[in-house]
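Visitor: Just need the structure, nothing else, for what follows:
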Amino acid sequence: MSVEFFWLLAPAVLLTALFLWGVFYREKETASREFLLAKALNTLIDGREDDAADALRALYQESEQEPAVGLVLGSLFRRRGKLKMATQTHKGLSLRADLDPELKALIKTELAADYLAGGMLERAQTALDEAVAEGGPTENSVFYGRRIHIKLGEWDRAYKLVQNWGKKEGRNVKPELALLRNRQGEYAFDQEDYDGAAALFKKALQLDPTCFSAILNSSRCLRYTEKSHKALSWMQKHEAAFEGHEWLFHKELMKIAVALQNHDVFVLPAMARIEAESDDWRTRSVLGSFLMEIGDFDGAFQQLHAALETAPETLLLHQKMWQLMWRNGSDPGLFSRYQQLVRDTIHFDATYECGRCRHRDNRLHQQCPRCFAMNSFRERRL
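Guide: Prediction:
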């Protein structure tokens, strides 16, 4: 091979070597990113959020701070209570000029959520306004924006945000608007502005006649303004709206019955409901509380005992049963019957849980039998 031919061939060989190195390097880099992404998703699904944050942070650096990865990482920081790191991550991403409007709007929405979690409401509102201006109202911005505006007392802005989102998406948002007006009415009620509250509950029902929260609150306004007879008629008129939530209807009837000093207004409909639906432990609970208050301890015990047979692990029912036994200390037989019920029907869930893989067990393990983490078992908060 001549010297001239070698020098002609050398550039081609060098370029080929560089090309192959670039291909193999990119394949290695891609594989590394895919591994980190798979690891992050897998640990996140397993509930190991600390490990997922570490994997996402490594992926964020490996991918040269890819916006989508940074968005998720910042949100995970917020979920873990690391608000400063979440804010820094989302704020840094929001300043980038290479983002499309939708992604930038999403990042600014998450930044608003960071500020909201930290109690910085004015900054949260500014970030939210920028997000809406960038990408229009979205489900995510409405979710956080509604909370921000409510905390600031800006009810009309919250209402308009939901309304504009409905127009943009072409969906019926009247139920959401009704709940917003109902929430505003509850705030007015707490301020003892009963007339203003009643007007807001009326607006809520004009938007959604089936909003049972507004129906209940309207009845409450009538009771507080000494119009309990009207409250009774109002509730009876709207009984159909409580299908699936009958116990709420009967709970309000109980309060009306107390105001009217007429027990039959509540007891008779409640007994009829229980006879028709014996598994309705919530109505039994309300009836049991009422009977306990009027001194019918045997009747109260029967209703609470039957409710516990249906929902034996409901703490509220046990609390009411303890209150009943305390108030009727002259009858030790109640405690024996309650004790037997607990032994026969109640089987509590696992006591301990692994903080890494969420494995549960009734025994305290020094090493988790599933993921083998050391000293990760903690007592569950029920």
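Visitor: how far away is K230 from D193?
Guide: 19 Å (CB to CB, to the nearest Å). Using the backbone N, CA and C atoms, a C-beta is placed for each residue, glycine as well.
Visitor: now G153
Guide: Counting by CB to CB - G153 and D193 are separated by 14 Å.
Visitor: Ok, E134 next?
Guide: Applying CB to CB to E134 and D193 gives a distance of 37 Å.
Visitor: just L180 next, same as before
Guide: The separation that L180 has from D193, given CB to CB, amounts to 17 Å.
Visitor: Which one's more surrounded, these two?
Guide: L180 (25 against 14; other CB atoms under 10 Å).
Visitor: Pull out the buried residues from the helix or strand where that one lies.
Guide: Following DSSP states H and E, one finds L180 within helix 174-190. Buried residues in helix 174-190, counting neighbours by 16 or more other CB atoms under 10 Å, are found at 174, 176-186, 188-189.
Visitor: now do stretch 130-137
Guide: 130-132, 134-137.
Visitor: Just the strands from the protein, written as ranges.
Guide: 352-354, 360-361, 377-379 (DSSP state E).
Visitor: Could you name the helices and strands sitting against the shortest one?
Guide: Contacting strand 360-361 under the criterion 3 or more CB pairs under 8 Å, 6 or more residues apart in numbering; DSSP states H and E are the following elements: strand 352-354.
Visitor: Walk me through which strands the strand it packs on pairs with, and which way each runs.
Guide: According to DSSP bridges, strand 352-354 has the following sheet partners: strand 360-361 (antiparallel), strand 377-379 (antiparallel).
Visitor: Mean confidence (pLDDT) on the shortest one, please.
Guide: The average pLDDT within strand 360-361 is 82.
Visitor: The chain should start at 317 in everything you say after this.
Guide: Yep, numbering from 317; the last one is strand 676-677 now.
Visitor: any idea how far L387 is from D430?
Guide: 12 Å.
Visitor: Quickly list what's touching both of the two.
Guide: Common contacts of L387 and D430 (CB atoms under 8 Å, 6 or more residues apart in numbering): H406.
Visitor: So for those two, which residue has more residues nearby?
Guide: Using other CB under 10 Å as the criterion, L387 and D430 rank with D430 on top: 27 against 20.
Visitor: and stretch 574-581, how far apart are its ends?
Guide: One end of stretch 574-581 sits 9 Å from the other (CA to CA, to the nearest Å).
Visitor: Check what contacts it and list those residues.
Guide: Against stretch 574-581 from outside (CB under 8 Å, 6+ apart): 539, 544-545, 547-548, 569, 572-573, 606, 610.
Visitor: Contact partners for T661?
Guide: 624-625, 628.
Visitor: Low-confidence stretches in this structure?
Guide: 317-349, 352-353, 355-357, 359-363, 379, 646, 662-666, 696-698 (pLDDT under 70).
Visitor: one more time with 90, if that's ok
Guide: 317-393, 395-398, 408-419, 450-451, 560, 625-631, 641-698 (pLDDT under 90).
Visitor: Just want the most central residue of it.
Guide: Nearest residue to the geometric centre of the chain (CA atoms, centre = their mean): F459, 11.3 Å.
Visitor: Hmm, E502 and G512 touching each other?
Guide: No - using CB atoms under 8 Å, G512 and E502 do not qualify as a contacting pair, with a distance of 11.3 Å.
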